[in-house]
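> Need a 3D model of the sequence below.
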Amino acid sequence: MTDVVAAAAAGPVAAPAVPAPAPACVPGALAPRARFFPALAAVYRAQLSRARVARIPLLFVATFQSVGIMILMRGVVDGGGGSEARAVVAGSSVLVVAFVALNLLAQYFGQLRASGGLDHYATLPVPPASVVLGAAAAYASFTLPGTLVTAVFGCVLFGLPMGGLWILAAVVPLAGAALAGLGAALGLLAPRQELATLAGQLGMSAALLLGVLPPERMPELIVWARDLLPSTYGVQAFAETFAPHPDWAAVVLDLGVCGAVGVLSLAAATWAYRRAAVR
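Numbering: from 1, shown residues only. The predicted structure follows:
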C-alpha cells in the first residue's frame, strides 16, 4: 500500500517508448550505393564463374589460332633472333589477349545490351566503372595461360631466348586493359548485337594484321595505323626483350603508353555503359 501511495505522489507513470514507424518506401528508391572496390570484386567473381566454363574452349581456339599463325609465318620468316622473328612471336602472343579481351568482350556487352541485361545492372547499387572493370578483368584473366603457351611455342619454333618471358606479367594486364576497354566500348556503343560482333571481329583482325606482321615490311601508312592500335605497344615491349641487349627504357615507355591507353579506353567504356544504361 505504501508503494502505491509513493507512486501516486511521484506523478503519472511514463508510458513505454514506442518505436517510430519505419519510413514508407519511396517508389524507385535504391539501396545505398556500394563502394567501388567491394563492388568490383563482386562483379569480377560473378563474371569469372560465368565465363569459366564457356570461355575455356574459346581460349583454346585463340591459342591454337596464334600457334597456327606462327607456323605459317615460319615458312617466310627466318628464325634465330632477328627483328622479324621477334615481331611474329610477340604479336602472336598478344593476339590471344586481343581475341579474348577485345573480340569476346565486344560480343558480350553487345549481347548484354540487346537482351536487356544492362537494365539488371542499372538497378544494382554498384558504380558503373565496377561493372565494366569487373567484366574486363574476368575476361582478361583467361588470357595469361594461352599467351604463355603461345610465347613458349614461338620461342622454340623461332629459336628465341625465353629469359624475357617474365615481362608477360606486365604485358598481359596492360594490353588486356587497353583492349578490354576498347572491346567493351565497341559492344556498348553498337546499336545492334550483330554490329557489336562485327566490330569485335574487325578489331581482332586489325590486331592480327598490324601486330603479327613485321613492321619493316609494311608501307608507311600501315605503320601509322599500327601505332593507333593499343596492343601495338605491348607487342613492341615484349619483342624488345628478345633482343641480345634489350633497351629497357623503351620497354618501360611502351608499357607506360599501353597503361595510359588502357586507362583512357576503360574510361570510354564506362561512359559508354552509362550512356547505354539510361536508354
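> Look at residue 223 and report its pLDDT.
As predicted, residue 223 sits at a pLDDT of 82.
> how close does it get to residue 229?
Between residue 223 and residue 229 the computed distance is 11 Å (CB to CB, to the nearest Å). Just so you know, the C-beta spots here come from the backbone N, C-alpha and C atoms, and that holds for glycine as well.
> neighbour count winner among these two?
residue 229 (21 against 13; other CB atoms under 10 Å).
> what helix or strand is that one on?
Using DSSP states H and E, residue 229 sits in no helix or strand.
> what helix or strand is the closest residue to it other than its chain neighbours on?
Spatial nearest neighbour of residue 229, chain neighbours left out: residue 210 (5.3 Å); criterion: CB to CB, 6 or more residues apart in numbering. Per DSSP H and E, residue 210 falls inside helix 193-212.
> after that helix comes which helix or strand?
helix 220-227.
> Tell me which other helices or strands that next one touches.
Helices and strands touching helix 220-227, by 3 or more CB pairs under 8 Å, 6 or more residues apart in numbering; DSSP states H and E, are helix 193-212.
> what angle sits between the helix it packs on and helix 220-227?
Here the directions of helix 193-212 and helix 220-227 differ by 110 degrees (axes from the mean of the first three to the mean of the last three CA atoms, to 10 degrees).
> Residues contacting helix 193-212, please?
For helix 193-212, the external contacting residues (CB atoms under 8 Å, 6 or more residues apart in numbering) are 69, 73, 87-88, 91-92, 94-95, 98-99, 102-107, 109-111, 113-114, 179, 182-183, 186-187, 190, 222, 225-226, 229, 231-232, 235.
> what about the top helix by length along the chain, distance to the chain center?
Criterion DSSP state H: the longest helix present in the chain is helix 36-74. The chain centre lies 10 Å from the centre of helix 36-74; the measure is CA atoms, centre = their mean, to the nearest Å.
> quick one: buried residues of the following helix or strand past it?
Downstream of helix 36-74, the first helix or strand assigned by DSSP H and E is helix 83-97. Neighbour-count burial for helix 83-97 flags 84-97 (criterion: 16 or more other CB atoms under 10 Å).
> next structured bit after helix 83-97?
Remark: after helix 83-97, the chain's next helix or strand is helix 105-114, criterion DSSP H and E.
> other SSEs contacting that next one?
By 3+ CB pairs under 8 Å, 6+ apart, helix 105-114 packs against helix 117-123, helix 128-140, helix 168-189, helix 193-212.
> switch to 10 Å and redo it
Packing contacts for helix 105-114, counted by 3 or more CB pairs under 10 Å, 6 or more residues apart in numbering; DSSP states H and E, involve helix 36-74, helix 117-123, helix 128-140, helix 168-189, helix 193-212, helix 248-277.
> As a markdown table, these with mean neighbour count, distance to residue 157 and mean pLDDT would be great.
Below are the helices and strands packed on helix 105-114 laid out as a markdown table (neighbours: other CB atoms under 10 Å; distance: least, CB to CB, whole Å; pLDDT from 0 to 100):
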| stretch | mean neighbour count | distance to residue 157 | mean pLDDT |
| --- | --- | --- | --- |
| helix 36-74 | 16 | 6 | 79 |
| helix 117-123 | 14 | 42 | 75 |
| helix 128-140 | 24 | 25 | 81 |
| helix 168-189 | 27 | 17 | 89 |
| helix 193-212 | 19 | 14 | 87 |
| helix 248-277 | 18 | 23 | 90 |
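> could I get those as TSV with distance to residue 240?
Shown next, in TSV, are the helices and strands packed on helix 105-114 (distance: least, CB to CB, whole Å):
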stretch	distance to residue 240
helix 36-74	18
helix 117-123	40
helix 128-140	22
helix 168-189	11
helix 193-212	14
helix 248-277	5
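> Can you tell me which of the ones you listed is nearest to residue 162?
Proximity to residue 162, assessed across the helices and strands packed on helix 105-114 by CB to CB, is greatest for helix 168-189 (10.9 Å).
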